[in-house]
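>>> got a predicted model here, sequence first, then my questions.
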Amino acid sequence: MFRNIVISLLICHGLHGQSDTLYINQEVTIVDQAIQKENVGSNDVSWTSDEIDIKDKQSLAQLLQGSENIFIKNYGPGSLSTTSLRGGTAAHTSILWNGLPIQNPMVGQLDISLLNLSSIQNITLQRGGHSSTWGSGAIAGVIQLDNQKVNSKNIEFESTTSIGSYGLKYISNSIIYSKDKFQSRTTYSNQSANNDYSYSRGGIMDTLNHARINIHTVNQDVYLSIAENKELSMNYWGTFSDREIPPTSQQSSSQAIQIDKSHRLALKYKQNFKLGILRAKIAYFNELIDYKDLAIQLNSVTKFNTYVIDLNYETSINKNQQFMLGLSNLLYDVDAGNNYESSVQENRTAAILSWKVKYLKIRGNISLREEIVDGQWTTPVPSFGIEYLFTNDFSLKSKITRFYRLPSLNDKYWQPGGNENLKAEQGWSYEAGIEYRKLKPNSSLTASLTGFSRKLNNWILWSPGNIGFNWSARNLNQVWSRGVESRIQYHKSFNKVKIHLSTGFDYVRSSSEESITIPKIEKGQQLWYTPTKKAFVKVKTQINKLSIAYLHRYTSETIGLNKSLDEYHLGQFDASYKSTLNNINIQYFITFQNLWNTEYRIIEFRPMPGRNIQLGITINFKK
């Protein structure tokens, strides 16, 4: 039945959203908070541009490491960084830019150290499964990066300059021009570093070499109000990086380098009608990865283009019910050189139905997604979320969702080892939690406790065959991820003093439910690079124009491919001071990372830096 509805929707509209509100009349109000962003039944964490520390805008990896209890698989400063949420891999977290997926289709994940946040106005982290609304890969969580028109008049200029340990240099300049119904924002940033820090190699001190990075980012955002009920916007995000790949602690030298280039362009149109909101998006992404290693005479160049068309329509049945329907089409075009037998295309068309309801103290959400991949129907993906406010301060939340992840193009076509007969990873996830929220005029207290369970079938893993040593992609077994997440936040303000305290603890077990011979994985064994325990405490105090903060993070022991990695504690101290001169706002800042000079590894044989410092200044001018 649903597939008949999908066919009908092919002439209708798609599903994704931005933030604004449409008032139809006194009885019916459409709030443009799309169901993907509502996330009924589980918890969100969000940041606005003003809430993000200046240093954390250098990359998404830096923000997440310093702001949330998220495990970042980091090979070193400026090097490859990926997320691990709720015991999932990087391919199980979907990263969206203005509602559009930007993962590398060849590997199904994204290097978040290359995502500069200088032009991003809103960032949202949604934990748990969201495949019914965001599609393949949205298994462990979703990270949304959104550009939005800013509240600025005439001309505004902002410049940040900072320096730090190991040759770190960072600059970011942006200019905003606003007039009547038009706004333009241009941003350029550059981050470079030598990363020549000392580390212990078998008890002998050594210096990391061949670890230089140079990352350039350009953003251009244009917003135009065509009429009172029509808006048009254009967003461009370009990145160019040149990074040396340092040797491991088992190697004496390295000659490997990697160049990444990406151009992302999106056009968005929105029109308010009497009974709903129509949005249309069209996007084109062009990306290149050039990897060279002169030591082994390797030169691998891969290129891929992404074409996206996305339509959406949202309407209110009454003041307590909203209905959304949508259609999106995603086309990948990949040229992997000699790594594939030939160039490859993959076409995905998806239709989504979603219904949100509010009745007395209950909020509910039901979503359903159907996708066609290269002409083949996939299994329908539903989700059910509910929240119950049983007192003014306490609420219960629960969510059940089906999820899936399609094999990446490398999984299917890489030579040698690709397997075109792979099945999609799929399964069900469940979560439930309780939240306490007490708001007073000068203080607030929020506490939450969430439990989750996710069983993933058809786990895709590259492993050697039974005969010989040729590695290939295989569907091996079932992985069970389960755990508990707790959070407490407290805010207090009096006179010119503000105090913020936040703490959290996560316990995650993510294990194979079957034994595997090659690679050797015992039944019930924790997955590689997946800590069972993570905790953090952050204290921040603002006294007039001075702000100081301390963050302490704990990560438990993890299992590596060859040996276990020890647990570690990391401390970080931040201070900033703001001053004003006429129309000029100035902020000075300083950060000490790894304050206690801890020696630790996140990835085997990849040493991390000891105590390091970064200081800088931001100047903002408005006319």
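That came in fine, so what should we check first?

>>> got the buried residues for the strand or helix carrying Val539?
Assigned by DSSP states H and E, Val539 belongs to strand 533-543. For strand 533-543, a neighbour-count test (16 or more other Cβ atoms under 10 Å) marks Lys534, Ala535, Phe536, Lys538, Lys540, Gln542 as buried. The way it works is simple: take the backbone N, C-alpha and C, and place the C-beta from them, glycine included.

>>> ok, of the residues you listed, which one's closest to Glu420?
Nearest to Glu420 among these, counting by Cβ to Cβ, is Lys534 at 37.6 Å.

>>> which one is that closest one nearest to, not counting chain neighbours?
Spatial nearest neighbour of Lys534, chain neighbours left out: Asp506 (4.7 Å); criterion: Cβ to Cβ, 6 or more residues apart in numbering.

>>> please tell me how far Thr532 sits from Trp459.
Separation of Thr532 from Trp459 (Cβ to Cβ, to the nearest Å) stands at 19 Å.

>>> quick revisit: the residue nearest to Lys534: neighbour count?
Neighbours of Asp506 under the rule other Cβ atoms under 10 Å: 24.

>>> again, but for Asp574
Other residues near Asp574 number 22, with proximity taken as other Cβ under 10 Å.

>>> ok, the one 10 residues further on next?
As a burial measure, the neighbour count of Ile584 was computed by other Cβ under 10 Å and equals 12.

>>> do the one 10 residues further on as well
Each residue near Asn594 was counted by other Cβ under 10 Å, and the total is 19.

>>> before we move on, what about Val373?
Count around Val373 with other Cβ under 10 Å applied: 16.

>>> report the contact partners of it.
Glu346, Asn347, Arg348, Leu406 (Cβ atoms under 8 Å, 6 or more residues apart in numbering).

>>> which of those lies closest to Lys356?
Arg348 (24.9 Å).

>>> who does that closest one form a beta bridge with?
Taking DSSP bridges as the rule, Arg348 bridges to Leu330, Val373.

>>> grab the nearest non-local neighbour of Gly616.
Closest residue in space to Gly616, ignoring its immediate chain neighbours: Ser162 at 2.6 Å, by Cβ to Cβ, 6+ apart.

>>> contacts only, for that neighbour.
So Ser162 contacts Ile54, Lys55, Leu168, Lys169, Tyr170, Ile171, Phe589, Gln614, Leu615, Gly616, Ile617 (Cβ under 8 Å, 6+ apart).

>>> 10 Å instead?
Listed by Cβ atoms under 10 Å, 6 or more residues apart in numbering, the contact set of Ser162 reads 54-55, 58, 168-172, 191, 589-591, 614-618.

>>> need the helices for the stretch 51-200 of the chain, in chain order.
Per DSSP state H, counting those that start in this stretch, the stretch 51-200 of the chain carries helices over the ranges 60-67, 131-134.

>>> tell me which of these lies nearest to Gln478.
Of the helices of the stretch 51-200 of the chain, nearest to Gln478 by Cβ to Cβ is helix 131-134, at 17.4 Å.

>>> which residue ranges form the strands in the stretch 151-300 of the chain?
Per DSSP state E, counting those that start in this stretch, the stretch 151-300 of the chain carries strands over the ranges 154-164, 168-179, 182-193, 198-201, 204-207, 213-227, 230-244, 256-272, 276-293, 298-318.

>>> now these in TSV, with mean pLDDT and distance to Asn338?
TSV is the format used below for the strands of the stretch 151-300 of the chain (pLDDT from 0 to 100; distance: least, Cβ to Cβ, whole Å):
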stretch	mean pLDDT	distance to Asn338
strand 154-164	95	40
strand 168-179	96	37
strand 182-193	97	32
strand 198-201	91	35
strand 204-207	92	36
strand 213-227	97	27
strand 230-244	97	23
strand 256-272	97	18
strand 276-293	96	13
strand 298-318	94	8
